[in-house]
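Asks: What would the 3D arrangement of this be:
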Amino acid sequence: MPNFTAEELTELCLNVFRRFNNGNIPEAEAEVVTRSMVDANRVGHDSHGVIHLPKYVRELEAGLIQPGAPTETLHESASIAVLDGHWGFGPVIATRAVELAIRKAQQTDVSAVAVSRCNEVGRLGGYVCLAADAEMIGFLMANDHGGGVCVAPHGGIEGRLSTNPLACAVPIEGQAPIVLDMSTSVVASGKIRVKQHREEALPHGWLINAEGESTTDADDFYGVPPAALLPFGGSVSAHKGFGLSIIVDILAGALTGAGCSRGEDARVGNGLFVFVINVASFRGFPGFSAEVARFIEYLKSAKRAAGFDIIQMPGERGWEAQRKQGQEGIPIDAETWQQIRELL
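Replies: Predicted structure coming up:
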């Protein structure tokens, strides 16, 4: 696999956006979208990285993404806002929504922002880190705007839910934040695409075929009828992931106006629910940070199980990947690189 620096990947993506539609994509928007993809690769989330660049181009060509679209405020109070993204770039809309929630939480202690008509935003973890940078706790939940039904409900064998991811970032003074970024399915659907590009078999427990049997063939996910992802917890405790997915779908779908999962009549995008807590409104940030840091050290002090050298906090693996890839470069699989080359 070829390796690139973050700067090289950034310039490649920006060049693609600059050449599309005679350069009519606003540079600031191209930069936000590119940063979202490259940062995902940097922390090891290749499923949300530059593998999405060809998809962005296809959606631009089809008129599904509207560059420069306004993010309209439909309803607003001091602490909440309901936004219509008018089908602009997902990362641009998500960034605006989180930044608005941060500004509101600075004034009202906690805030919530609901978003509809938003294209896919990519990795959620990057957005909640904006709140952590402001010494706030950020939550973000997303559904597929009612479409993208690829996850089977617990006890079913047909897709009825999207992967319904959620993310939370907790700031710590002088340290990288804790970042929980997870799908409520057993794995994000983009990871199946990564496996397919690398011609690797899937682990058992990710997919079930139309007969409800486990399959390790990534092509089955894109077949007719398609295989379905299992909820988080797999065959052992899928009821927990299923329950969590329902809550995410309601907050990101019913509350925002984007709509809950419903199938073929829905356009795939993202409904977003953002929630931000201003730590300083509850207690001094240094004291909060000290308690979180103490808690982390206590967790890490547990005796390790066989095969574990360290107990890692949520997000820690990603920060380590970012440091490593800053030195060694970011590997891009051959299939993704070939698709990007065709766009240049």
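
Asks: buried set for the biggest helix by length in the chain?
Replies: The longest helix of the chain (DSSP state H) is helix 90-108. For helix 90-108, the neighbour count (16 or more other C-beta atoms under 10 Å) marks 90-102, 104-105 as buried. (Each C-beta comes from the backbone N, C-alpha and C, glycine too.)

Asks: Repeat that for stretch 189-208.
Replies: 189-197, 202, 205-208.

Asks: Pull the most distant pair out of these.
Replies: Greatest spacing in the buried residues of stretch 189-208, by C-beta to C-beta: 197 and 208 (22.0 Å).

Asks: most distant residue from the middle of this structure?
Replies: Farthest-out residue of the chain from its mean C-alpha position, per C-alpha atoms, centre = their mean: residue 303, at 32.4 Å.

Asks: tell me the pLDDT at it?
Replies: Listed pLDDT for residue 303 reads 96.

Asks: sec struct for the residue most central in space within the chain, please.
Replies: By C-alpha atoms, centre = their mean, the chain has its centre lying nearest to residue 123, at 2.7 Å. At residue 123, secondary structure determined by DSSP: H, G, I helix; E, B strand; the rest coil is coil.

Asks: Model confidence for it, exactly?
Replies: 96.

Asks: quick one, what contacts it?
Replies: If you count contacts by C-beta atoms under 8 Å, 6 or more residues apart in numbering, residue 123 has them with 36, 39-40, 43, 45, 48-49, 181.

Asks: Distance-wise, check the residue nearest to residue 166 when sequence neighbours are not counted relative to residue 271.
Replies: Nearest non-adjacent residue to residue 166, counting by C-beta to C-beta, 6 or more residues apart in numbering: residue 141, 4.6 Å away. Distance, residue 141 to residue 271, by C-beta to C-beta, to the nearest Å: 9 Å.

Asks: Which residue ranges of the stretch 51-200 of the chain form helices?
Replies: For the stretch 51-200 of the chain, the helices defined by DSSP state H, counting those that start in this stretch cover 53-61, 90-108, 125-133, 189-197.

Asks: neighbouring contacts of the second one?
Replies: Contacts of helix 90-108 from elsewhere in the structure, counted by C-beta under 8 Å, 6+ apart, are 29, 32-33, 35-36, 71, 78-81, 83, 85, 111-113, 115, 118-122, 127-128, 130-131, 134, 136, 138, 140, 269-270, 272, 274-278, 281.
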